[in-house]
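# turn this into a structure:
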Amino acid sequence: MQNRSYPTLAEATRIWARIGLLSFGGPAGQIAMMHRILVEEHKWLGEQRFLHALNYCMLLPGPEAQQLAVYIGWLMHRTAGGIIAGVLFVIPGIVAIMGLSWIYAIWGNVGIVEGLFFGLKAAVLAIVVQAVIRIGGRALRNGAMLAIAAGAFIAIFGFAVPFPIIILAAGLIGFLGARAGVPAFEPRINQGKVGAKQIADADTLLGEESPAHTRVDARWALRISLVILSLWLIPVALLFALLGPDDVFSQIAGFFSVMAVVTFGGAYAVLAYVAQEAVQNFGWLTPGEMLDGLGMAETTPGPLIMVTQFVGFMGAFRAPGTLPPLLAGTLGGLLTTWVTFAPCFLWIFLGAPFIERLRDNTVLTAALGAITAAVVGVILNLAVWFGLHVVFSEVVEFSSFGLALDIPVLESINWFSALLVLAAMIAIFRFGLGPVTVLAGCAAAGVALHLAGGLTA
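Here you go, the predicted structure:
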């Protein structure tokens, strides 16, 4: 047991503020950073409890890193701790993405800015590929998990099977496999280590036992559910009632509320759904602009899913109605952020007490492990989709017998982009450079290409 004193809520708030300001690099980097600060440095909780919380958050719809912060904040300081942790995790990103959205809307067509985002696209593609490999290395520990990942990729890329069906099917496979005693689905103690240093639960402030406030309380669950549901859904209902379902603000509120419920598998899995729907169905922005937004989110603190604020900003900016475009964009971005993150608190406050009681349930652990494997296939789909639109200027759809594939037009290849993607891959996988360094280098290369006259409109 630890001799250090339990942190006060004020002390914890300072630590969560530090985490929010340092949360660069996408979900993998953010989770590793939280592990370093909370497990290795402050020893609030141990390795197994951290991984159990992480696996639960991977099961939830929405951004796993932010929900992990809410979960741990709740473990340490109840509801107030969870709210503080979750809010401080996203505030720096809200401010940064909003500022960059304004810059993009005003000066996005200026040559140097175009060159900067041209470089960012290449870096983002390399980072998404790295995420596939990093998560796959942890989750695909045997042939069964590899088969689940491959099946998930084929289902979503080739047949457009909805995300919820893929995730639920994977969880069912893991559940049934564990119940049947299949060795491939047996949980492993060392599976999914996050940091270089692992701390036993017994050597932490929380210890091995669950805190008293984590017990299931139906009355508390009902009260907190009604409060969060009201804060989340009443504004959505008012927009539909006052503006009608065809107004861009109603569309933003409705779409991102649905996204908050049905998108499972973490930030990269969410992005696959948002990118395709926002581009193909709503026409709020182009594939290239979606990548530009992802570049913004990768280079600023906060959850990677903060890119949705940019999507909402651009959607409202281009259909402002009677409002000034920049004001409409600002309201659209903030509305997107509200309906995206409000449900995250609901999932944690409702589900975490039950999950804490199931920390040693091997069947649940197997189901969560299978879901993580499926997420690898979903993220691979995102990488391929981005790659097609980064390296090629034209893509055509091939459809036959339920199969629908995007096929690149080989003659439309952008060699500058392809070479920059290759350089980013080498920087990450050969020289081990971090995402911020790679993003900065590619952005500089894009600006240099523009100045040299190497980029065309």
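
# please count neighbours and contacts with C-alpha atoms only from this point.
Will do.

# and the pLDDT for residue 159?
On pLDDT, residue 159 comes in at 87.

# actually residue 29, sorry about that
Listed pLDDT for residue 29 reads 75.

# would you agree residue 428 is in contact with residue 438?
Yes: assessed by C-alpha atoms under 8 Å, residue 428 is found in contact with residue 438 at 7.3 Å.

# out of these two, which sits in the more crowded spot?
Between residue 428 and residue 438, residue 438 has the larger neighbour count (other C-alpha atoms under 10 Å), namely 25 against 19.

# low-confidence ranges in the protein?
Counting by pLDDT under 70, the ranges of the chain that qualify are 1-3, 25, 187-197, 264-267, 269, 355-360, 456-457.

# mind listing the strands for it?
395-400, 403-408 (DSSP state E).

# max-length helix in the protein?
Secondary structure of the chain per DSSP state H: the longest helix is helix 64-107.

# quick check, distance from that one to the centre of its chain.
Once both centres are worked out by C-alpha atoms, centre = their mean, to the nearest Å, helix 64-107 turns out to sit 12 Å from its chain's centre.

# now do the contacts for residue 160.
Neighbouring residues of residue 160 by C-alpha atoms under 8 Å, 6 or more residues apart in numbering: residue 404.

# let me see the backbone angles for it.
Per-residue torsions, residue 160: phi 50, psi 40 (degrees, to the nearest 10).

# residue 101 versus that one, what's the distance?
30 Å (C-alpha to C-alpha, to the nearest Å).

# same check, this time on residue 450
From residue 450 to residue 101 the distance is 21 Å (C-alpha to C-alpha).

# neighbour-wise, which of these two wins?
More crowded of residue 450 and residue 101, by other C-alpha under 10 Å: residue 101, with 24 against 19.

# what's near enough to touch that one?
310, 313, 314.

# I'd guessed the first one sits against residue 295; true?
Looking back up the chat, that one is residue 310. No: using C-alpha under 8 Å, residue 310 makes no contact with residue 295, being 10.8 Å away.

# which of these two has more neighbours?
The residue with more neighbours, out of residue 310 and residue 295 and counting by other C-alpha under 10 Å, is residue 310; that gives 33 against 25.

# counting neighbours, what do you get for residue 54?
Neighbours of residue 54 using other C-alpha under 10 Å come to 22.

# one more: residue 225?
18.

# could you find the closest non-adjacent residue to it?
Using C-alpha to C-alpha, 6 or more residues apart in numbering and skipping the chain neighbours, the partner closest in space to residue 225 is residue 346 (6.3 Å).

# show me what contacts the one you found?
So residue 346 contacts 224, 225, 228, 229 (C-alpha under 8 Å, 6+ apart).

# in a markdown table, list the residues you listed along with distance to residue 261.
A markdown table is the format used below for the contacts of residue 346 (distance: C-alpha to C-alpha, whole Å):
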| residue | distance to residue 261 |
| --- | --- |
| 224 | 18 |
| 225 | 15 |
| 228 | 14 |
| 229 | 12 |
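
# write the PyMOL selection for whichever of those are buried.
Here is the PyMOL command that picks out the buried ones among these, judged by 16 or more other C-alpha atoms under 10 Å:
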select buried, resi 224+225+228
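
# closest to residue 342 out of the contacts of residue 346?
Nearest to residue 342 out of the contacts of residue 346 is residue 228 (C-alpha to C-alpha; 7.0 Å).

# check contacts around that closest one.
Each residue near residue 228 by C-alpha under 8 Å, 6+ apart is listed here: 342, 343, 345, 346.

# residue 56 reaches residue 368, doesn't it?
Yes: if you go by C-alpha under 8 Å, residue 56 and residue 368 touch, sitting 7.2 Å apart.

# more neighbours: these two, which one.
Ranked by neighbour count (other C-alpha under 10 Å), residue 56 and residue 368 place residue 368 first, with 26 against 23.

# residue contacts, the more buried one?
Residues in contact with residue 368 (C-alpha under 8 Å, 6+ apart) are 55, 56, 58, 59, 171, 174.

# can you report how many residues neighbour the first one?
Meaning residue 55. The local packing of residue 55 (other C-alpha under 10 Å) involves 21 other residues.

# on that earlier part again, look up how far residue 82 lies from the residue nearest to residue 225.
Applying C-alpha to C-alpha, the value for residue 346 to residue 82 is 11 Å.

# leaving out sequence neighbours, find the closest residue to residue 116.
With C-alpha to C-alpha, 6+ apart, the residue lying closest to residue 116 is residue 443, at 4.6 Å.
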